[in-house]
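> I need the structure of the sequence given here:
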Amino acid sequence: MSTTPLSVADAYQQMATIRRFEEQILDLGREGLIAGSIHLCLGQEAIPVGALAALEDRDRVLSTYRGHGWALACGTDPEALMAEIAQRADGVNGGRAGSPLLSDPDRGFLGENSIVGAGVPIAAGVALASQYQDTDRVVVTSIGDGAMNQGATTEGMIFAAARKLPVIFICENNGWAEMTPTSRTTRGENLIERGIGLGIESHIVDGNDPLAVQQAVAAAAAVCRRGEGPVLLECKTFRLSGHYNKDVEHYRPKEDAEAARAGDPLARLIRTALADGAISEDEVDDIDERVYTLIDEIARRVRTMPEPSPVDVHHHVVAPAGHNDNPAATTPDPVKDLTYLRAINVALKTELDTRPEVAIWGEDVGFAGGIFGVTRGLHKEYGDRRVFDTPIAEAAILGGAVGAAMEGMRPVVEIMWADFLFVALDQIINQAANVRYINRSRLTAPVVIRMQQGVTPGSCAQHSQSIEAILAHIPGIKVGLPATAQDAYSMTRAAIGDQDPTVLIEHRSLYQESGAVVTGGEVEIAGGARTHRDGRDLAIITWGSMLHQALAAADELASAGINATVLDLRWLRPLDDAAIAEVVKSTGGRVIVVHEANLTGGFGAEIAAHISERHFDVLRGPVQRLGLKDLRMPSAPALQAAVLPAVADIVDSGRKLMALPAPR
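Okay, here's the model as predicted:
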């Protein structure tokens with residue numbers, strides 16, 4: 001990357017390299033050497049070439065899934081890039097990304113995104129890290145015109161505008177949103193009106209002229225480096241091929257395809273340059289010969305490359321067990337009586353004091369201290385730079401955290417209610433969970449996502465769901481549910497010290513519950529169950545709010561001469577296999593699993609299957625599951641009490657288990 005003005009020869013060579021590269025990719029696809037769809041940037045080469053000519057080595061780039069040209073412009077080795085697209089072992093991502101998700105963080109290319117519009121909030125987060133770290137770094141993210149209709153795009157732009165982030169949004173408007181003309185789905189001729197409406201400086205650029213793109217991006221970068229970002233550039237361009245490699249474009253009018261060919265940016269550049277005397281035909285021929293020789297030779301080598309070995313296919317999902325970045329242990333403080341809520345607050349304050357890379361953001365978490373008061377006082381003590389309020393935009397909150405974490409920050413973000421996570425679940429499942437794996441641990445996203453869930457009196461069906469099973473299903477993230485004040489403190493600190501995306505699910509009914517808490521000491525790892533009571537007759541396995549019902553039920557069973565072990569799993573990812581094995585065997589194979597979530601698809605089913613597969617020989621009978629029947633949660637407290645698992649239900653299940661005959 002360089003800020004040196006592009007010469008015609010340089011611009012043409014780079015654009016011709018991208019063009020020939022894409023043509024060879026098409027050939028490899030036809031030969032059956034590439035599995036899956038390929039999205040080419042044929043006709044749009046001027047945009048990445050011009051943009052990167054205006055940027056500096058320290059800057060960052062994220063692109064649309066039509067991003068091969070962006071990777072090449074960033075300096076990615078074309079052989080490693082072609083090998084990745086062909087899913088070969090020597091690919092830049094080792095065959096883990098393929099065409100639509102490739103990345104090269106060593107070259108400042110933080111990757112393509114195959115989810116339309118999803119890269120915009122992440123780019124805002126990368127820009128937030130630049131602002132926070134005072135690096136004077138600018139971030140560029142490219143999207144297609146169709147992505148301008150995505151909520152995540154708008155949320156990311158709103159977030160960037162609110163924080164004046166140094167990010168340049170480049171909309172590559174080729175007139176087609178996949179297979180539908182943009183004119184059919186969008187009112188108005190120019191998409192920059194969206195940016196103007198959000199208070200963002202916005203400009204239309206000739207996206208088929210690399211020099212015009214360079215000039216526009218250079219001006220936008222200057223705006224961003226002055227602290228006046230973001231900027232939106234709508235680059236008008238053409239798409240010379242279909243939406244993907246096997247698209248026969250039956251939907252495309254002949255005149256539209258002809259107009260695109262007539263506006264081919266390579267032909268236009270040379271035609272103008274030859275007329276102006278800026279380049280000679282011999283120079284053009286020399287460039288073409290060098291480019292064709294280079295790319296054709298790369299393709300020849302890629303054809304003979306081995307496929308990736310499955311030996312390490314399970315590696316890099318999360319960091320190695322126990323790997324974290326925790327400070328040295330301190331002398332534990334005297335025991336304090338703290339509420340669950342206050343214990344989280346103390347943990348957050350400790351991490352803010354200990355780690356300068358920690359910042360906290362979310363809806364109302366700053367000045368107001370959070371809707372439940374968990375972050376109260378932190379904004380006053382640490383200021384708006386480290387604890388701040390965001391727009392009501394969950395995709396931007398989460399995507400911003402992913403991007404900032406990729407750049408070395410430790411964001412702790414709050415989603416006010418777990419139910420609200422569904423409007424932005426993409427940023428956890430398709431984004432955060434993939435960062436380490438795709439990049440083979442060269443890049444990670446250690447973000448902490450706090451939220452509260454569950455039933456409280458008067459809560460409705462949109463504010464009462466238990467969603468831990470959905471999150472625990474996703475490899476690449478960790479999921480914990482603190483059930484005591486001590487764990488609220490300890491698990492919060494463990495999550496912030498972890499190297500991977502971590503979700504902490506608090507329960508609102510526990511916020512005012514008090515308990516003995518030891519602060520300081522050694523920071524735990526993110527993992528490990530906890531036994532709260534020992535008994536030899538049966539095991540009650542639970543997590544979250546149901547721990548307290550399980551303990552009360554164990555007391556009642558004890559009065560009847562039945563001694564139960566109560567195991568709080570605490571972390572559903574990673575799962576403490578050893579602790580489960582121990583309680584199953586030590587209690588003679590009588591097991592009850594209790595959770596607040598719906599039974600069907602609940603995590604209790606996973607625990608029951610886990611036990612049945614591993615410990616069938618010691619089971620006295622089927623693992624008993626208690627949870628919410630398959631219904632939506634009513635608001636009336638009387639109705640809630642009628643459907644939630646209660647102490648009496650656990651006691652009844654325990655008595656029935658004890659009545660089962662011993663195995664023969």
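
> and the pLDDT at the residue lying closest to Ala560 once chain neighbours are set aside?
Spatial nearest neighbour of Ala560, excluding adjacent residues (CB to CB, 6 or more residues apart in numbering): Arg655 at 7.5 Å. For the C-beta atoms, the positions are set from N, CA and C on the backbone; glycine is no exception. Here the pLDDT value assigned to Arg655 is 94.

> what are the buried residues along the helix or strand where Arg655 lies?
Assigned by DSSP states H and E, Arg655 belongs to helix 647-658. Under the neighbour-count criterion of 16 or more other CB atoms under 10 Å, helix 647-658 has Val647, Asp649, Ile650, Val651, Ser653, Gly654, Leu657, Met658 buried.

> swap in stretch 214-231?
Using 16+ other CB under 10 Å as the test for burial, stretch 214-231 gives 214-221, 223-225, 229-231.

> again with stretch 17-27
Residues of stretch 17-27 classed as buried by neighbour count (16+ other CB under 10 Å): Thr17, Ile18, Arg19, Arg20, Phe21, Glu22, Glu23, Gln24, Ile25.

> next one: stretch 553-570
By 16+ other CB under 10 Å, the buried positions in stretch 553-570 come out as Ala553, Ala554, Leu557, Ile562, Ala564, Thr565, Val566, Leu567, Asp568, Leu569, Arg570.

> show me what the helix holding Arg655 is packed up against.
Helix 647-658 is packed against strand 538-542, helix 546-559, strand 591-598, strand 624-628, with contacts defined by 3 or more CB pairs under 8 Å, 6 or more residues apart in numbering; DSSP states H and E.

> quick revisit: now flag whichever of the buried residues of stretch 214-231 is closest to Glu363.
Nearest to Glu363 among the buried residues of stretch 214-231 is Pro230, at 20.8 Å by CB to CB.

> and the closest one, what does it touch?
By CB atoms under 8 Å, 6 or more residues apart in numbering, Pro230 lies in contact with 124, 127, 157, 160-161, 164-169, 200-201, 224.

> next: Val61.
Contact analysis of Val61 by CB under 8 Å, 6+ apart lists Ala51, Leu52, Leu55, Trp70, Cys74, Gly108, Phe109, Leu110, Val139, Val140, Thr141, Ser142.

> any idea how far it lies from Met409?
Here Val61 is placed at a distance of 19 Å from Met409 (CB to CB, to the nearest Å).

> same thing with Ile496?
Distance of Ile496 to Met409, computed by CB to CB: 11 Å.

> so for these two, which sits in the more crowded spot?
Ile496 (29 against 25; other CB atoms under 10 Å).

> next one, pLDDT for the closest residue to that one other than its chain neighbours please.
Distance criterion CB to CB, 6+ apart; nearest residue to Ile496, sequence neighbours excluded, is Glu351 at 4.7 Å. Note for Glu351: predicted pLDDT of 97.

> residues near the spatially closest residue to Gly515 that is not a sequence neighbour, how many?
Nearest residue to Gly515, sequence neighbours excluded (CB to CB, 6+ apart): Ala485, at 3.6 Å. Close neighbours of Ala485, defined as other CB under 10 Å, add up to 25.

> again, but for Asp577
Neighbours of Asp577 under the rule other CB under 10 Å: 11.

> ok, now Leu644?
With other CB under 10 Å as criterion, Leu644 counts 19.

> residues in contact with it?
Each residue near Leu644 by CB under 8 Å, 6+ apart is listed here: Val455, Glu596, Leu628.

> now it: how far from Ser466?
In terms of CB to CB, Leu644 sits 11 Å off from Ser466.

> ok but Ala273 is inside a strand, no?
No: counting by DSSP: H, G, I helix; E, B strand; the rest coil, Ala273 falls outside a strand, being helix.

> low-confidence regions, the stretch 251-400 of the chain specifically.
Nowhere does the stretch 251-400 of the chain drop to pLDDT under 70.

> what about the strands in it?
In the stretch 251-400 of the chain, the segments counted as strands under DSSP state E, counting those that start in this stretch are 336-339, 358-362, 387-389.

> and Ala418, which of these is closest to it?
Nearest to Ala418, of all the strands of the stretch 251-400 of the chain, is strand 358-362, at 13.1 Å by CB to CB.

> what comes into contact with that closest one?
Contact partners of strand 358-362, identified using CB under 8 Å, 6+ apart, comprise 132, 348, 351-352, 370, 375, 378, 385-390, 397, 400-401, 404, 409-416, 450, 496.

> quick one: which of those sit in helices?
Among these, DSSP state H puts Tyr132, Leu348, Glu351, Leu352, Leu378, Ile397, Gly400, Ala401, Ala404, Ile496 in helices.

> most neighbours among these, which one?
When those are compared by neighbour count (other CB under 10 Å), Gly400 ends up highest, at 34 neighbours.

> residue contacts, that residue?
Pro121, Ile122, Ala124, Gly125, Leu128, Gly156, Phe159, Trp361, Thr390, Pro411, Val413.

> please redo it, this time with the cut-off set to 10 Å
By CB atoms under 10 Å, 6 or more residues apart in numbering, Gly400 lies in contact with 120-129, 155-156, 159-160, 163, 165, 361, 390, 393, 409, 411, 413, 427, 447.

> same deal with Asp426?
The neighbours of Asp426, taking CB under 10 Å, 6+ apart as the test, are Asn113, Ile115, Gly117, Ala118, Pro121, Gln150, Ala152, Ala395, Leu398, Gly399, Ala432.

> the stretch 401-550 of the chain: strands as residue ranges?
Under DSSP E, counting those that start in this stretch, the stretch 401-550 of the chain gives strands at 410-415, 448-453, 478-480, 502-507, 514-517, 530-533, 538-542.
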